[in-house]
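Student: model the following, please.
(6 chains)
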6 protein chains.
Amino acid sequence: MRILIANVNTTTAITDAIAEQARSVASPGTEIVGLTPWFGAESVEGNFESYLAAIAVMDRVLNFDQPYDAVIQAGYGEHGREGLQELLDVPVVDITDAAASTAMYLGHKYSVVTTLDRTVPLIEDRLKLSGLYDRCASVRASGLAVLDLEADPQRAVQAIVEQAERAVREDKAEVICLGCGGMAGLDEQIRQRTGVPVVDGVSAAVSIAESLVRLGLSTSKVRTYATPRAKKVVGWPMMFGR
Amino acid sequence: MRILIANVNTTTAITDAIAEQARSVASPGTEIVGLTPWFGAESVEGNFESYLAAIAVMDRVLNFDQPYDAVIQAGYGEHGREGLQELLDVPVVDITDAAASTAMYLGHKYSVVTTLDRTVPLIEDRLKLSGLYDRCASVRASGLAVLDLEADPQRAVQAIVEQAERAVREDKAEVICLGCGGMAGLDEQIRQRTGVPVVDGVSAAVSIAESLVRLGLSTSKVRTYATPRAKKVVGWPMMFGR
Amino acid sequence: MRILIANVNTTTAITDAIAEQARSVASPGTEIVGLTPWFGAESVEGNFESYLAAIAVMDRVLNFDQPYDAVIQAGYGEHGREGLQELLDVPVVDITDAAASTAMYLGHKYSVVTTLDRTVPLIEDRLKLSGLYDRCASVRASGLAVLDLEADPQRAVQAIVEQAERAVREDKAEVICLGCGGMAGLDEQIRQRTGVPVVDGVSAAVSIAESLVRLGLSTSKVRTYATPRAKKVVGWPMMFGR
Amino acid sequence: MRILIANVNTTTAITDAIAEQARSVASPGTEIVGLTPWFGAESVEGNFESYLAAIAVMDRVLNFDQPYDAVIQAGYGEHGREGLQELLDVPVVDITDAAASTAMYLGHKYSVVTTLDRTVPLIEDRLKLSGLYDRCASVRASGLAVLDLEADPQRAVQAIVEQAERAVREDKAEVICLGCGGMAGLDEQIRQRTGVPVVDGVSAAVSIAESLVRLGLSTSKVRTYATPRAKKVVGWPMMFGR
Amino acid sequence: MRILIANVNTTTAITDAIAEQARSVASPGTEIVGLTPWFGAESVEGNFESYLAAIAVMDRVLNFDQPYDAVIQAGYGEHGREGLQELLDVPVVDITDAAASTAMYLGHKYSVVTTLDRTVPLIEDRLKLSGLYDRCASVRASGLAVLDLEADPQRAVQAIVEQAERAVREDKAEVICLGCGGMAGLDEQIRQRTGVPVVDGVSAAVSIAESLVRLGLSTSKVRTYATPRAKKVVGWPMMFGR
Amino acid sequence: MRILIANVNTTTAITDAIAEQARSVASPGTEIVGLTPWFGAESVEGNFESYLAAIAVMDRVLNFDQPYDAVIQAGYGEHGREGLQELLDVPVVDITDAAASTAMYLGHKYSVVTTLDRTVPLIEDRLKLSGLYDRCASVRASGLAVLDLEADPQRAVQAIVEQAERAVREDKAEVICLGCGGMAGLDEQIRQRTGVPVVDGVSAAVSIAESLVRLGLSTSKVRTYATPRAKKVVGWPMMFGR
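Tutor: Have a look, this model is predicted:
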């Protein structure tokens, strides 16, 4: 099967890292295609950038001209998943949901460690809308910007470990979710240093997407995620990056 | 003061109706400017269209080249308000929130009557995120599409009255919110026929926006709605409708 | 229009301060009438005093013998608003609700800074019943009694600023509500010192009351706030302060 | 021990019926004293009347000049219990809470059957504040006014049974609470006709009050229910019925 | 009347202490019978041991061959109460619920102080399922194992007092529940040292059980707790301890 | 990898059906071993039977004497999963959770269709504890007992379809979960007749278990699901079925 994994920012190095992480956990026979939006911000750390990313991801996915079996949206706490679910017939998995639903099989409470403090409310709100917040002990910010993760991975690990340890000790988390697509690949290091299971959303999303495809399950089209009604839409699809 | 009121769809007749309604309740000295997005759907009835509208509204507002004191987003249950709050220093009021917070001063429970069934979950989710859902008795669909409201107002009134009456009788609503920007102006008719207060979100939003401006209050910039960080953003602003 | 603003305690200096604050934000043409209950406590800091105030405010308002367009109950977290809503046909606005619903337009979470610790649960409970608690980050006590606010305003500002700063830093509040009618007028000082928007409930309530009157909206009479049934009521109205 | 049971309305026939019911379940050695407020409404069916009753009950209890061990407030869904808790050192039990906490030992969900539809939100709100609402399946109105219960008990039983049956069948209630002090004594008939346990709040409250006294437990005075601070209170105690 | 009080562990010294505590508060004429399970763990501090105890308690109670009027399950936060409710016609009271529902009559918020940290989530979950969690300020662990309570009561008191004080000061608890059957009898000491009411679940449960019996109330059999259907059950009753 | 899938009842025909369903979706290389408890009820339809099954499943799994990589508990809404998580180092997946977390990727709300009405509260409670209830539209009973499903599959399909259709139409479910291990294999028929995705919990659980194993994730051992402390446990392991 072929799974598209869409980065939410325009930084191709992050797309590559995400796709590489996805490939490392994909089953034999699963092809992973990383997509970078044609417009938007180099990193997504707030609502404006996230809304822009939502549209940019939809635009990019719609313009992928070969068949595919599932789509992963690889931004943590981002807007847009519901739009993809309307536009597509294949399953759509957001890494925020994937990490949370996976963590809930592993411990009584989980925490998310993310980048900047300003993105914490976005992640909390997305988890609430997804109905996966009840067992969330906390969402904690490491204070690092998205691009800092690329620039200095060891400093990133250190900052994330520190918050993960506080989440376990103070917030009673029993599992840690890595709250940023750009953190893909850091899970093993952090697990060793905290002693609790660490869930990388990209890996979790690949597993879930593969499972949904294998089980023949896809988005329900009877109400919320029904295909958009035929109507006049100006300026869409955008494709202006081409 | 000058208040921008942004329609979420590209149908200028609806922009005009919204602006007219806004003007009818605005204080002397308040100038109302109706804005129509330069791209997007002719009516917004789902997540894809709503996400596109979110960006189109931000794009249109940012390209308004004169001073203004507040912005109203005139779509019911739509995405995007948080993005405007980040981008602007003036207060931003969404009509979904405005109708709900106003209704809560008038009765113990309120219901929303909207257009199509598929938009009900969007409205419920927006009210939940806004923290205004606890006293919502129900969100009911009249079954009419947005453009049907324009085309046949009397049929619209009939369909809305029917759901409003059921909301009062079955769901124990004590106030009705008109759940669509395009319903502006129908409130008086519906009030007469149901006997309960009817809140038009556009009117409520104008009052709230005026109040915030007069009280010298605007969006907090310390965390969630801080100005986006300086960074590379490809393809923005869009302005491609010009 | 004429708006009655009822103090909940019997201290006329506080009534005067509240009315003065109300006048400072009222629109031209709005007459503000401050009312002091004819019986009750010199300050309201608990349930017994608050229940007594509830009845004293109803008694005082019912005995106001000229027309009026709206009533504001100017006690934070007090009982009684629902009784006024039953007894009157004009809109009734409580400053607890007014501050909270206004704060929610300004930030993702708000905190209330009030007087004594013992009143915190009252405020929390009123916000819960009003359906405005979801986005409340905290209710914090400054440790000052109501009458201390009058006696030493600078000490009051200092104590309130300290809790406001902790609310922003520790509880992640983005807006501060001044949790006592007697704090009216301190908002600007506190805003300057905390850097976040500060909402004074009296000012917010005046704006909301004016808006409701202008929009022709008042309390729904179909169920919860229907006029009391005709029946024998001993000792009412009380008017014993006359 | 001596337990005061305070009716919330001024109808002495109801006080007598409540006291009689209380006596029928009291332990040997427990003296039940029924109190009728000196002012207020002949029946309490809304917020205004309930707030007045709150004060009237406090006034009446404070003027009881002999020792007592506990106080029961015998109105369903009424305001005021927290005020009594502040004023008194002995335990205070509200029949709304007593019925609910007892019902929760008997079935997975309980329903309340009360008098008029307009009192339903009061009962729901009191149960929410008391933290006893989670397992409430519904609060249903029989449509009978409080005084109708006195006037025509058989019609009352019929109307209550009908709603109780619907609560069991439609709302999945497994226990019924009689939602009015005036319903005391109807429990056995209704139990026979519905087949589920029926909890009379007065009986439940007597048992709970006796238990608290025997266990040497009373209201915590460290915060919410601390004795009111010493201060000037005009017109209190009222005692004007004397 | 005769009340069975079932210990959840196999340590007879704890059964004896529980029964002694129960007898000290029981009414004249109430016979208390302490039961020790015939199998299971010497102390119950986690899910496996608690599930085993659930079955062992049912097995032990079913094999009690004389009449009885009520059953108390004397483990804090344990599984199994619903099974007893299905199997028996007499009332079943769990000490976790009994302590919580009693504490709610005494203060605005209560905290539970229990043994090991690992049992905190079990207690929280049981309180949530019982609908008694809304007013729980915290569940705190003293760090002592169940058998430590027996071995060194003074150290136990010290550790419990310390957490109780933090619950009052930091979590705003106004009442403390002793969160372990083995703590029975420590309530008076802890009350003296914290200044807030202390509820011992065993004592509370005896009072509630006696009340239910006197009021003629027992488990509803219409749905959740209906008698198990007749069917083939292998290996039951177990009785293998005989 | 080898996955143990434990039936909760003693009916081997159901174990066989479950295992067959599991095998039909398992990846190549995954060995499915069906386990039937050595004691307990022939069908599990209530709390007593479910608690007994909890212990019987733990007993049966612990006595499986070959290596395995994950365990699935194949009863819907049953007790016991947390005990297995404590006892084992490999991941444990309950089909109730698996169906729900999978359904949440497919639609905005899901409903569960189960067997008897008496089991509905058990399923609701388990979903609440698992933090997966927010997006549950309803749990509906088909009225068929577990063994009826075996005896007359066509009648079962008919009864389940009827409730599924009502869940979609009346409760606004967009996905249906088959709420009984014994329904495994009926998903395709029901999907064809309702038009919405149908999730079989056994299939979902196999996918999730495989995913967790492949990602190297297992139960967190830091708190709630830590290995039971070493202590004296009488009568365990049971193994009396041998």
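Student: and the least confident helix or strand in chain A by mean pLDDT, C-alpha only, in PDB?
Tutor: Every helix and strand in chain A was compared by mean pLDDT, DSSP states H and E; the lowest is helix A:146-151, with a mean of 83. Provided in PDB are the C-alpha atoms of helix A:146-151 (Å, rounded to 0.1, in the frame of the first residue of the first chain):
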ATOM      1  CA  VAL A 146      10.400  23.700  15.800                       C
ATOM      2  CA  LEU A 147      13.500  24.600  13.800                       C
ATOM      3  CA  ASP A 148      15.700  24.300  16.900                       C
ATOM      4  CA  LEU A 149      14.900  20.600  16.900                       C
ATOM      5  CA  GLU A 150      16.600  20.300  13.600                       C
ATOM      6  CA  ALA A 151      19.500  22.600  14.400                       C
END
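Student: so what's the residue count around residue A:12?
Tutor: Residue A:12 has 11 neighbours, counted by other CB atoms under 10 Å in any protein chain shown. C-beta coordinates here come from the backbone N, C-alpha and C atoms, glycine included.
Student: residue contacts, it?
Tutor: residue A:36 (CB atoms under 8 Å, 6 or more residues apart in numbering or on different chains).
Student: ok, residue A:61 to residue A:84 distance?
Tutor: The gap separating residue A:61 from residue A:84 is 7 Å, by CB to CB, to the nearest Å.
Student: what residues are shared contacts of the two?
Tutor: residue A:71.
Student: who has more neighbours, the two?
Tutor: Comparing residue A:61 with residue A:84 by neighbour count (other CB under 10 Å), the higher total belongs to residue A:84, at 27 against 21.
Student: and that one, what's its pLDDT?
Tutor: Looking at residue A:84, its pLDDT stands at 98.
Student: and residue A:190, by the same measure?
Tutor: Note on residue A:190: pLDDT of 88.
Student: report how many residues lie close to residue A:126.
Tutor: 23.
Student: from what I see, it and residue A:78 are in contact.
Tutor: Yes. Using CB atoms under 8 Å, residue A:126 is in contact with residue A:78, at 7.3 Å.
Student: can you list contacts of the least confident helix or strand of chain A?
Tutor: A:9, A:11, A:13-14, A:17, A:42-45, A:115, A:155-156, A:180, A:182-183.
Student: which ones among those residues also lie next to chain F?
Tutor: Checked against chain F using CB under 8 Å from any CB of the partner chain, the contacts of helix A:146-151 yield no neighbours at all.
Student: domains in chain A, by residue range?
Tutor: Per the TED database, the structural domains of chain A span A:1-93+A:201-213, A:104-199.
Student: measure the last one end to end?
Tutor: Between the opening and closing residues of domain A:104-199 we find a distance of 10 Å, counting by CA to CA, to the nearest Å.
Student: next one: the longest one
Tutor: This stretch, domain A:1-93+A:201-213, spans 8 Å end to end (CA to CA).
Student: centre of the chain versus that domain, how much separation?
Tutor: In terms of CA atoms, centre = their mean, to the nearest Å, the centre of domain A:1-93+A:201-213 is found 8 Å from the chain centre.
Student: just the last one next, same as before
Tutor: Domain A:104-199 has its average C-alpha position 13 Å from the chain's average C-alpha position, going by CA atoms, centre = their mean.
Student: who touches the helix or strand that the least confident helix or strand of chain A is followed by?
Tutor: Moving toward the C-terminus from helix A:146-151, the first helix or strand encountered (DSSP states H and E) is helix A:153-170. Residues from elsewhere that reach helix A:153-170 (CB under 8 Å, 6+ apart): A:111, A:113, A:137-138, A:140-144, A:148-149, A:173-174, A:176, A:178, A:183, A:186, A:189-190, A:193-196, A:198, F:222.
Student: which of the residues you listed fall in helices?
Tutor: The helices, defined by DSSP state H, take in A:148, A:149, A:189, A:190, A:193, A:194 from the contacts of helix A:153-170.
Student: gap between the residue nearest to residue A:194 when sequence neighbours are not counted and residue E:219?
Tutor: Spatial nearest neighbour of residue A:194, chain neighbours left out: residue A:164 (4.8 Å); criterion: CB to CB, 6 or more residues apart in numbering or on different chains. Distance from residue A:164 to residue E:219, counting by CB to CB: 46 Å.
Student: on that earlier part again, intersection of neighbour lists for residue A:126 and residue A:78?
Tutor: A:94, A:96.
Student: I'd say residue A:49 and residue B:228 touch.
Tutor: Yes. With contact defined as CB under 8 Å, residue A:49 and residue B:228 form a contacting pair (6.1 Å).
Student: quick check: neighbours shared by these two?
Tutor: residue A:41.
Student: name the residue in those two with the higher neighbour count.
Tutor: Each of residue A:49 and residue B:228 has its neighbours counted (other CB under 10 Å); residue A:49 has more, 29 against 19.
Student: sorry, back to before: more crowded one of residue A:164 and residue E:219?
Tutor: Set residue A:164 next to residue E:219 and count neighbours by other CB under 10 Å: residue A:164 wins out with 28 against 25.
Student: what segments of chain A are helices?
Tutor: Under the criterion DSSP H, helices of chain A are mapped to A:12-25, A:47-62, A:81-87, A:95-103, A:120-129, A:146-151, A:153-170, A:187-194, A:201-214.
Student: what does the third one rub up against?
Tutor: Here helix A:81-87 makes contact (CB under 8 Å, 6+ apart) with A:54-55, A:57-58, A:61-62, A:71, A:73, A:92, A:94, A:97, A:219, A:224-228, B:46-48, B:50-52.
Student: follow-up on the earlier one: quick check, nearest of the ones in helices among the contacts of helix A:153-170 to chain C?
Tutor: In terms of CB to the nearest CB, no member of the ones in helices among the contacts of helix A:153-170 lies closer to chain C than residue A:148, at 22.1 Å.
Student: sorry, back to before: where among the domains of chain A is average confidence lowest?
Tutor: domain A:104-199 (a mean of 93).
Student: so how do I select the buried members of the contacts of helix A:81-87 in PyMOL?
Tutor: In PyMOL, a selection of the buried entries from these looks like this (16 or more other CB atoms under 10 Å in any protein chain shown):
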select buried, (chain A and resi 54+55+57+58+61+62+71+73+92+94+97+219+224+225+226+228) or (chain B and resi 46+47+48+50+51+52)
